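In: Provided below for reference: sequence and predicted model.
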2 protein chains.
Amino acid sequence: MPVSVKPDVDGKPDVHAALCPSRGVLEHVTSRWGVLILAALLERPYRFSELRRAIGGVSEKMLAQTLQTLERDGFVHRDAHPVIPPRVDYSLTALGREAAEQVWALARWSERSVEAVERARRAYDEARS
Amino acid sequence: MPVSVKPDVDGKPDVHAALCPSRGVLEHVTSRWGVLILAALLERPYRFSELRRAIGGVSEKMLAQTLQTLERDGFVHRDAHPVIPPRVDYSLTALGREAAEQVWALARWSERSVEAVERARRAYDEARS
C-alpha cells in the first residue's frame, strides 16, 4: 500500500502545508491532553486510573480518546491484562519516547517561564488600559 | 502586584495541575496555529500578509488572534510602521525564541516521523478490521 504522504513542492513533508499529513502528527503530539499524557508516560508506565489522577482536569472520555489516538499513531503501547478487575497499562513506544522527550522539555520550559509570561501580560494590559 | 502563579502542592508550577497557569503557557505555545507561527518566525521576521501565505490554511481572523495572544505572552514583537499602506512586522522576542526553537524541532520531528506514524496507523486499523 503506498504511503499517503502529501509532499510539499519540494517533495518533502512540510507542516506548514495545509494538507501535509505531518501537520496531523504535530497536532496529535501537541494536543491539549496529548502533551500531558506523553510527558507523564516519560516518567514511567501508568494504568488508566492513575493517568486520570495524574492529569488534572481530564475527563475519562477525553483521556480514553487521546490514548487511542496516540496508540493508533504508534506512540503509546496499550497492555490489557486478563485479570479481574481488568487492568490496562500504558507505556511509550520508541517512537513515542522521541515525541515525549520533546514535549516534556516544553512542559518544563513552560513551568520555568510562567512568571516571565505573566509579567509580559501585565505590561501588555497596562499599556492598553 | 503579586505574581498569580498557582503552585502545585510542592509550591512549584506544574502543567499537570489543572489550575496551574503554566498549563496555559504550554497551551499557547502548542496551539494549532501558535506552533506554526513560532516555527515560521524562527527563520526570520514576517509581515502579516507573508505569514498568512506561509501558514497554509490559517484564516486572517485566527492568525490575528493567535499573534495577539503570542504578543501578549511576550513571545512575539509587533512592529507597526507608520507608512502608507500600513506595514506590520512580527518577530520573536528572546523568550519567544526559546519556545520557537523547541516547537521548530518538534515540527521537523513530525515531518521526519510521518511515514512511521502512517505505518503504525495502517497496522492498527488492519488488526481491527
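Out: Received it, and whenever you're ready, just let me know what you need. Owing to the predicted nature of the structure, the values given are computational and were not obtained by experimental measurement.

In: A:S113 and B:R97: what is the separation?
Out: Distance of A:S113 to B:R97, given as CB to CB, to the nearest Å: 12 Å. (Each C-beta comes from the backbone N, C-alpha and C, glycine too.)

In: more neighbours, these two?
Out: For A:S113 and B:R97, the more surrounded residue by other CB atoms under 10 Å in any protein chain shown is A:S113, and the numbers stand at 22 against 16.

In: need the contact list for that one.
Out: Taking CB atoms under 8 Å, 6 or more residues apart in numbering or on different chains as the contact definition, A:S113 lies against B:S22, B:V25, B:L95, B:E98, B:A99.

In: run through chain A and note the low-pLDDT ranges.
Out: For chain A, applying pLDDT under 70 flags the ranges A:1-10.

In: just the strands in it please.
Out: A:46-47, A:76-81, A:87-92 (DSSP state E).

In: nearest to chain B, out of those?
Out: strand A:76-81 (10.2 Å; CB to the nearest CB).

In: so which bits of the top helix by length along chain A are buried?
Out: Longest helix of chain A, by residue count under DSSP state H: helix A:94-127. Residues A:95-100, A:102-104, A:106-107, A:109-111, A:113-114, A:116-118, A:120-121 are the ones in helix A:94-127 that count as buried (16 or more other CB atoms under 10 Å in any protein chain shown).

In: A:W104 against A:A40, yeah?
Out: No. With contact defined as CB atoms under 8 Å, A:W104 does not reach A:A40; the gap is 9.0 Å.

In: kindly reformat the strands of chain A as a markdown table containing distance to chain B.
Out: Shown next, in a markdown table, are the strands of chain A (distance: least, CB to the nearest CB, whole Å):
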| stretch | distance to chain B |
| --- | --- |
| strand A:46-47 | 12 |
| strand A:76-81 | 10 |
| strand A:87-92 | 13 |
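
In: thank you, goodbye.
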